[in-house]
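Colleague: pasting the structure only:
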């Protein structure tokens, strides 16, 4: 796999982990404030939803790079290795197509939501921020899946370094 894909995926995953950590810390503080002061952080649910969606999209490329996404191989375990690799390639192409479509549609949706001026209910944050932040992770996942599909089609493993 190209070194730059690995580095970008790692940076996305670290950023996604940081977003998840900040979201979790905010939830803990909000719960503590609700219990002790009867005043939770305003919009904590909105911020958590935005943060976790962003975290997932940023961590998807790293998961795909390492073959950590779900693969159901119950029916293909007895297939010859070449046939199994070809099926892995088809699966990677399908994942790439789905992620590319989701990236494109979240980008288009972000523009529509921006034009409509839609905001979050409590904090009045622009909703298009949440939409547009999902597109890079999905696009990178699509690119990684395409590279993996090409490798599998040529007879290599889905995940680099695994035989």
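Modeller: Arrived safely, thanks for sending. Not measured: the values here are computed from a predicted model.
Colleague: not counting sequence-adjacent ones, nearest residue to residue 144?
Modeller: Once flanking residues are discounted, residue 144 sits nearest to residue 64: 4.9 Å by Cβ to Cβ, 6 or more residues apart in numbering. (Glycine included, C-beta is placed from N, CA and C.)
Colleague: how many other residues sit next to the one you found?
Modeller: Look at residue 64: counted by other Cβ atoms under 10 Å, it has 25 neighbours.
Colleague: ok, residue 150 next?
Modeller: 13.
Colleague: what kind of secondary structure is the closest residue in space to it that isn't next to it in sequence in?
Modeller: Of all residues not flanking residue 150 in the chain, residue 89 sits nearest, at 7.6 Å (Cβ to Cβ, 6+ apart). Of the three states, residue 89 takes helix according to DSSP: H, G, I helix; E, B strand; the rest coil.
Colleague: also the one 5 residues further on?
Modeller: When the structure is reduced to helix, strand and coil (three-state DSSP), residue 94 reads as helix.
Colleague: per-residue confidence for it?
Modeller: pLDDT for residue 94: 96.
Colleague: let's have the chain start at 55 instead
Modeller: From this message on, residue numbering opens at 55, which makes the last subject residue 148.
Colleague: what's near enough to touch it?
Modeller: Going by Cβ atoms under 8 Å, 6 or more residues apart in numbering, residue 148 touches no other residue.
Colleague: who's in contact with the residue nearest to residue 121 when sequence neighbours are not counted?
Modeller: Computed as Cβ to Cβ, 6+ apart, the closest residue to residue 121 that is not its neighbour in sequence is residue 213, at 3.8 Å. Neighbouring residues of residue 213 by Cβ under 8 Å, 6+ apart: 119, 120, 121, 202.
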